Structures are given as C-alpha cells and as structure tokens.
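Trainee: Everything below, folded, please.
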Amino acid sequence: MEGDMNKGMKLLIITHQSSLYQHIRRMVSNHADADDVMQNVLVKVYRAIEKFESKSKLSTWLYRIATNETLTFLKKEKERMKTTSRNDTQLIELKADSYIEEGRIIMVLEKAISLLPEKQKLVFNMRYFDEMSYNEISSVLQLTTGGLKASFHHAVKKIEAFIKENEIG
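Mentor: Next comes the predicted model:
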C-alpha cells in the first residue's frame with residue numbers, strides 16, 4: 001500500500017506541480033517564495049491525500065490547498081512587513097540615498113582626475129588609490145620625492161576646486 005501511495009503521489013506531482021507552481025507564482029513576488037509555498041502545498045497534499053473524498057475534482061482540491069497556503073504565506077509576509085520598524089525603513093532609504101550620492105561623488109572625482117595633467121594624474125592615483133609612499137612612487141617613476149609631493153599637492157588642489165565647482169561635499 002505504501003508503495004502505491006508513493007507512486008500515486010509522484011504521478012500527482014508530475015501531473016499538477018507545474019500548473020500549481022504557476023498559480024502560486026502569480027500571487028507571490030518571487031521564485032524563492034513560490035518554491036517555499038509549493039513545498040508546503042506538497043507536504044499538505046501528502047498528509048491529506050487519504051482524506052480526499054472526491055466530492056470535487058482532484059485539481060480543484062489541489063488548487064484550493066495551493067491558494068490557501070499562498071494566502072497564509074502572504075498574510076504572514078504582510079505581518080512581518082508591519083513589524084519592520086519605521087527606523088529600519090528610513091535606514092534603507094538613507095542607504096539608497098547614500099549609494100546614489102556615493103556614486104555621484106565617484107563620478108565627479110573620476111572626472112576631476114581625468115582632467116589632471118598626466119604626471120599629476122599618475123602621482124595622485126599612485127598615492128591616493130594605490131596608497132604608495134612617496135619613496136615607492138619615486139622608485140617607480142624615477143622622480144624626486146619633493147617633485148612628487150608638489151605634483152600630488154597641485155592635483156589635490158585642482159580636484160578640490162573641481163568638486164567645489166560641481167557642488168559636492
């Protein structure tokens with residue numbers, strides 16, 4: 001009897017899983033949630049299949065279980081979202097704003113650097129982004145540390161002026 005039950009369940013799943021999944025997926029926001037609900041549906045069907053009375057079509061019974069499980073999931077999600085504090089929502093909004101602002105700052109900085117004379121650009125990048133010491137830069141570029149410091153200083157001043165002109169910071 002157990003083997004027949006497993007074969008019947010497999011046949012049931014093979015026959016109806018795709019349409020049930022699509023039904024669930026139309027109600028929930030993403031694939032992972034739909035998969036979770038579908039798993040719950042399959043567990044409920046497996047536990048209750050012997051109680052199915054054939055008063056309705058099997059597919060109707062399956063859709064009712066799928067719908068009820070989906071509605072239960074959506075209700076729990078709604079409650080979970082309500083318990084998310086206003087501060088958390090504000091924090092998410094602030095993070096989004098900061099990412100946008102950060103992206104704008106990076107774009108302006110990149111533009112300012114691109115306008116530098118080649119030597120100042122090179123020194124600035126090595127010092128600022130690569131965090132190389134003046135001695136290391138001197139070894140690479142075969143220039144004096146005094147000259148490198150002056151180039152870096154001029155680059156920083158030009159970048160600061162460009163940023164002020166573009167109202168950043």
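Trainee: distance between stretch 156-169 and the chain's centre?
Mentor: 32 Å (Cα atoms, centre = their mean, to the nearest Å).
Trainee: got the buried residues for it?
Mentor: K158, I159, F162, I163 (16 or more other Cβ atoms under 10 Å). The way it works is simple: take the backbone N, C-alpha and C, and place the C-beta from them, glycine included.
Trainee: Surely the third one is in contact with K111?
Mentor: Yes - counting by Cβ atoms under 8 Å, F162 does reach K111; the two are 7.3 Å apart.
Trainee: Got phi/psi on S56?
Mentor: Taking degrees, to the nearest 10, you get phi -130, psi 170 for the backbone angles of S56.
Trainee: That one: neighbour count?
Mentor: As a burial measure, S56 scores 12 neighbours (other Cβ atoms under 10 Å).
Trainee: same check, this time on E131
Mentor: Using other Cβ under 10 Å, E131 has 8 neighbouring residues.
Trainee: So it: helix, strand or coil?
Mentor: Look at E131: counting by DSSP: H, G, I helix; E, B strand; the rest coil, its state is coil.
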